[in-house]
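Q: Give me coordinates for this.
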Amino acid sequence: MEHFGFWSVLPPVLAILLAIRTKQVFVALIFGIWLGWVIIHGGNLLQGTLATVQALVDVFKDEGNTKTIMFSALVGALIAFIQRSGGVLGFVNRVETWLQRLQTRQGTSNRKAIQWLAWLTGILIFVESSISVLTVGALYRPVFDKLKISREKLAYIADSSSAPACILIPFNAWGAYIMGLILLQGFTDPVAMMIQVFPYNFYPILALGMVAFIISSGRDFGPMKKAEVRARDLGKLMADDAQPVVSSEITMMDSKTGVIPKARHMLVPIATMVVMMPLMLAFTGWESVEHASSISGHLFQAIGKGSGSSAVLYAVILALLVAMIQYRSAKIMKLSELIDVAFKGIGGLMPIALLMLFAFAIGNVCRSLGTGIYVAEFTQSWLSPALVPLLLFLVSGFIAFSTGTSWGTFAIMMAIAVPMAQTLDANIPMAIAAVLGGGVFGDHCSPISDTTILSSMAAASDHIDHVKTQLPYALLMGSVAALLYLVGGFLGTL
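A: Prediction:
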């Protein structure tokens, strides 16, 4: 059986609704996982419960899952290091000095200037979405806190600038993965196809533009407006009932007494992690390249074939080693204190590691249920050429929303979208763009998306509050993108 019909979508949808309604993400995810395995075992509660426990164990059978969970925990050690060493305080002081000079010369608002910097950083680190959101969070959270900008706004900027930039600038693992899927559909030059796809990638372009508009105009709306008023007027960075996925012991850790705050104690480890990410992608994929006409071509292919989970894990480990050597040589901390701080940081991020575990588990049960296959088959029968781009966008968005993975959505929908567009004589680049944009759109709306979870972690925000405040912006831009695909689809049939 490829899918379980309507029952295929019930567990992820109920998990999402429960998470938004109760704000208990862990409970919602475990309920969705359990319900999924009960359905798979024909309604047998005992077998479904036992299968749920086994499914959580089986997450660690996948090396990529294990490495990603380890990475999520080790990032806590890095955050604790840069806090304790005085690096964060030094960076905040440096940025405040720069903002004062900027305000004196140009009359620019400090709040706007720092948000522009965060947005630009998220775009420039297009090599990998996880590194992008984590870097934006680590660099700018202390400054946002100082300027009384809500944690929800930081999470939104990080989330809505990372994946859109990664998919629009495909010189990374995202681009290599997508071009591999395009190659499987019989196109001999996937790079040329990606160039044709770019102007039709409406949602990522609109999402980046929406962040820029909100920053420049200051016209927040919906839950985000309430969050910004709360932070600016009351000094409350989060709601009273917020449950941030990062422990305050990490985000509020004081600098060591007697240490002179220096920005380089933060920037050197962070830069190490960012720079080592593409290098580790190339390293892990180097031997997988069979034919390349040049060194640069070999390098690009190696990055595309590299292991993203291995690369981020190796990058954060190297960043930790660099930080330890830097702090030890500067006599900031002894080895025993470095170890203690590292364990405190890891402990503070255990909630996010568990969240990643549950996110992987619900993704696995969705695959076993055939959620994506069912949704795709359900809509395929009533597609028309003019509606192909619109419905591909909506279906891809729903699959990504339900499963929490844009990459999984790409794999499912690309194999359906290209043949469908060819058969119905629809615009093929627009059809591919609709799948890509829909995957990112659904990812932005889903509380079980790994990128959304990481954005909450990076900003030390309440996860459901991040989803609620980002959702109106994502839905607005998603609606505009859907309208553009509708118009584009009809124009393509003329």
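Q: Which pLDDT value goes with the nearest residue to L124 once chain neighbours are set aside?
A: Sequence neighbours aside, A165 is the residue nearest to L124 in space, at 7.9 Å (criterion: CB to CB, 6 or more residues apart in numbering). Quick note: C-beta positions are derived from backbone N, CA and C, even for glycine. In the predicted model, A165 carries a pLDDT score of 89.
Q: Number of residues surrounding A165?
A: Neighbourhood size, A165 [other CB atoms under 10 Å]: 23.
Q: quick one, phi/psi of it?
A: Backbone dihedrals for A165, given as degrees, to the nearest 10, come out at phi -70, psi -40.
Q: hang on, it packs against S132?
A: Yes: applying CB atoms under 8 Å, one finds A165 in contact with S132, separated by 6.9 Å.
Q: Tell me the residues that contact both of the two, please.
A: By CB atoms under 8 Å, 6 or more residues apart in numbering, A165 and S132 have these common neighbours: 122, 125-126.
Q: wait, which of those residues is closest to K256?
A: Nearest to K256 among the shared contacts of A165 and S132, counting by CB to CB, is I125 at 28.7 Å.
Q: For the residue nearest to the closest one when sequence neighbours are not counted, give me its contacts.
A: Once flanking residues are discounted, I125 sits nearest to S132: 4.3 Å by CB to CB, 6+ apart. S132 is in contact with 121-122, 125-126, 158, 161-162, 165-166, counting by CB under 8 Å, 6+ apart.
Q: can you do 10 Å?
A: With contacts defined as CB atoms under 10 Å, 6 or more residues apart in numbering, the neighbours of S132 are 121-126, 158-159, 161-163, 165-166, 172, 274, 277, 451, 454-455, 458.
Q: Pull out the buried members of the residues you listed.
A: Buried subset of the contacts of S132 (neighbour count, 16 or more other CB atoms under 10 Å): 121-123, 125-126, 158-159, 161-163, 165-166, 172, 274, 277, 451, 454-455, 458.
Q: Among those residues, which are located in helices?
A: Of the buried ones among the contacts of S132, the ones assigned to helices by DSSP state H are 121-123, 158-159, 161-163, 165-166, 274, 277, 451, 454-455, 458.
Q: what about D450, distance to K344?
A: Distance, D450 to K344, using CB to CB, to the nearest Å: 25 Å.
Q: Which one of those two is surrounded by more residues?
A: Comparing D450 with K344 by other CB under 10 Å, the one with more neighbours is D450, at 22 against 18.
Q: ok, now which ones touch the residue lying closest to the more buried one once chain neighbours are set aside?
A: Leaving out its chain neighbours, the residue that sits closest to D450 by CB to CB, 6+ apart is A359, at 5.5 Å. By CB under 10 Å, 6+ apart, the residues touching A359 are 25, 29, 33, 59, 65, 68-69, 403-405, 446-450, 452-453.
Q: at 8 Å instead, please
A: Contacts of A359 by CB under 8 Å, 6+ apart are 29, 404, 448-450, 453.
Q: Quick check: the gap between it and S310.
A: 19 Å.
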